[in-house]
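[1] fold the following and give me the result.
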Amino acid sequence: MASKDTTMKNDTILSVEHLSMRFGGLMAINDLSFQAKRGEITALIGPNGAGKTTVFNCITGFYKPTMGMITMHHSSGKDYLLERLDDFQITKTAKVARTFQNIRLFTGLTVLENLLVAQHNMLMKASGYTIMGLLGMPAYKRAAEEAIGKARVWLEKADLIERADDPAGDLPYGAQRRLEICRAMCTGPELLCLDEPAAGLNPKESLALNQLLKSIRDEGTSLLLIEHDMSVVMQISDHVVVLEYGQKISDGTPDHVKNDPKVIAAYLGVEDEELDEAIHEVEAVAGETK
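    Numbering: from 1, shown residues only. This is a model prediction of the structure:
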């Protein structure tokens with residue numbers, strides 16, 4: 001009999017079923033279905049224009065899909081139909097957080113203050129939505145101390161604790177990426193969606209990012225990421241879904257996907273009529289190496 005931990009590890013946290021998104025005459029996403037497992041890193045990859053960011057925008061409430069269901073399976077046992085929720089409810093209630101391709105930090109605030117902003121709702125609740133915070137009431141003091149404590153934990157994880165009092169805009173690009181991820185984690189998400197977190201990073205920064213993402217996964221938060229850097233995808237992902245022209249062409253482990261002839265054809269720009277020939281060539285090479 002499987003242990004409780006093993007059962008939870010294999011649970012589905014996100015189900016995308018028959019998702020379609022049309023913009024006028026353009027079908028950006030066409031009948032897409034996949035699942036993301038709890039406690040895993042799932043990567044959504046594909047050539048430019050494949051529809052990856054559109055999928056993210058549907059999951060996080062920026063777009064309302066034309067068709068389909070997106071279900072967040074919360075650890076409480078409750079299911080949330082994300083396509084029916086507003087974006088702020090997806091973050092607050094369903095516990096889904098996200099980062100963007102373009103970094104969106106408060107550059108004039110300190111590194112620490114950026115993480116406290118992410119905990120604004122909790123601090124406001126502790127203040128009774130009144131001036132209790134200004135009056136230094138005990139409940140608010142405790143909440144403020146907890147918020148600072150959580151922020152410092154994440155700054156330690158991201159190797160940013162020495163920069164806590166520096167303006168966020170003064171950080172190097174890679175450090176800003178990690179700070180943005182830590183800010184999202186301060187909202188307490190069960191699913192963290194990352195849109196090209198390794199974009200623009202040098203190898204050293206990519207390594208620091210990989211370590212942070214794996215630590216987030218290992219501590220129980222599931223991750224869904226879009227990424228063009230295949231070295232990042234193959235090193236940290238447990239599960240990879242590949243899109244081309246808004247449709248799924250492969251779905252499986254990193255090893256399965258990187259050896260899938262359809263994926264190779266998509267990334268090399270092979271025309272449809274050449275796909276069968278490419279598949280035969282890959283199969284022939286595989287046969288010769290056995």
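
[2] I'd assumed residue 81 was in contact with residue 94.
    No: the criterion here is Cβ atoms under 8 Å, and residue 94 misses it with residue 81 at 9.2 Å. Bear in mind the C-beta positions are built from the backbone N, C-alpha and C, glycine included.

[3] neighbour count winner among the two?
    Using other Cβ atoms under 10 Å, the more surrounded residue of residue 94 and residue 81 is residue 94, with 25 against 11.

[4] can you pull the contacts of the more buried one?
    72, 74, 80, 82, 85 (Cβ atoms under 8 Å, 6 or more residues apart in numbering).

[5] shaky segments in the stretch 1-150 of the chain?
    The model of the stretch 1-150 of the chain has pLDDT under 70 over residues 1-10, 120-141, 143.

[6] now the helices: where do they sit in it?
    4-10, 52-59, 87-92, 111-117, 120-126, 132-135, 138-157 (DSSP state H, counting those that start in this stretch).

[7] and the third one, how far out from the chain's middle?
    Helix 87-92 has its C-alpha centroid displaced from the chain centroid by 15 Å (Cα atoms, centre = their mean, to the nearest Å).

[8] other residues contacting that helix?
    Residues contacting helix 87-92 (Cβ under 8 Å, 6+ apart): 59, 60, 61, 62, 72, 80, 82, 96, 97, 121, 187, 189.

[9] for the residue nearest to the second one when sequence neighbours are not counted, list the residues it contacts.
    With sequence-adjacent residues excluded and distances taken as Cβ to Cβ, 6 or more residues apart in numbering, residue 60 is closest to residue 98, at 4.8 Å. Applying Cβ under 8 Å, 6+ apart, one finds that residue 98 lies in contact with 56, 60, 184, 192, 193, 194, 195.

[10] from those, which land in strands?
    192, 193, 194, 195 (DSSP state E).

[11] which residues in the stretch 151-290 of the chain form helices?
    Under DSSP H, counting those that start in this stretch, the stretch 151-290 of the chain gives helices at 173-185, 203-218, 230-236, 254-258, 261-268, 272-288.

[12] widest-spaced pair of the contacts of helix 87-92?
    The largest separation in the contacts of helix 87-92, counting by Cβ to Cβ, is between 59 and 121 at 21.0 Å.

[13] so for the two, which sits in the more crowded spot?
    residue 59 (26 against 12).

[14] how close does the closest residue to the more buried one other than its chain neighbours sit to residue 238?
    Setting aside the residues directly before and after it, residue 59 is nearest to residue 70 in space (Cβ to Cβ, 6+ apart), at 5.6 Å. For residue 70, the distance to residue 238 equals 20 Å [Cβ to Cβ, to the nearest Å].
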